[in-house]
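Colleague: Quick one, structure for this:
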Amino acid sequence: MRPTPADPEAWNAYLAEGNATQARKRVAADVLLRDGAGRVLLVNPTYKPGWDLPGGMAEANEAPEAAVTRELGEELGLDITLRGLLVVDWVPPHGPWDDHIAFIFDAGTLDARQTREMRPRDDELSEAVFVPLNEARELLEERLRNRLDAAVQSLERRTPTYLHDGQPAW
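Modeller: A predicted model of the protein is given here:
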């Protein structure tokens, strides 16, 4: 017999069992961060090839916005205030990876002092550089380039974009 909410202990155990069997999604959270000249911040991770937007993976039960602010603090020594959501991208399974959800948030513009003082603070990044948008597009692999383009468009339109593997979902 299936328990009911009338028996809270049995009901919670029943729900916990269902929760344990449901799919889990990995969550990536990045930012679009600019300097006073409008250039875009890119980072060069040491643990994978190619350039990336600053950010990283969420830990268990961590909100995407908390993950990205934590990652920027740990990796670049930045204390940022997010200004809004720009992109949500569902990324299908690829290579050895299951699907995941990727977020890009607007982190605004760093002032001249923050830009000067910003540098990699741990061994996960070898470089962090501000580059013009067209150069950033050339340095990023296609999926990230598409996500960056959508983020820039979302910033201009002032409305978030939902993607499937870097492409508009509708």
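Colleague: Run a quick check on H100 versus R24, I expect a contact.
Modeller: No. The pair H100 / R24 is not scored as a contact, 10.0 Å apart, by C-beta atoms under 8 Å. In this view, the C-beta of every residue, glycine as well, is placed from N, C-alpha and C.
Colleague: And these two? Which one has more around it.
Modeller: Shown here are H100 and R24; by other C-beta atoms under 10 Å, H100 has more neighbours (18 against 9).
Colleague: longest helix anywhere in this structure?
Modeller: Assignment by DSSP state H gives helix 142-157 as the longest helix of the chain.
Colleague: now what about that one, what contacts it?
Modeller: By C-beta atoms under 8 Å, 6 or more residues apart in numbering, the residues outside helix 142-157 that reach it are 30, 32, 40, 52-53, 86-87, 89, 91, 102, 104, 106, 133, 136-137, 140, 160-161, 163, 165-168.
Colleague: one more time with 7 Å
Modeller: 32, 52-53, 86-87, 89, 102, 104, 106, 133, 136-137, 140, 160-161, 163, 165-167 (C-beta atoms under 7 Å, 6 or more residues apart in numbering).
Colleague: Pass me the low-pLDDT residue ranges in this protein, would you?
Modeller: Under the criterion pLDDT under 70, no range of the chain is flagged.
Colleague: which residue is nearest the centroid of it?
Modeller: Centroid-nearest residue in the chain, with C-alpha atoms, centre = their mean: A29, separated by 1.6 Å.
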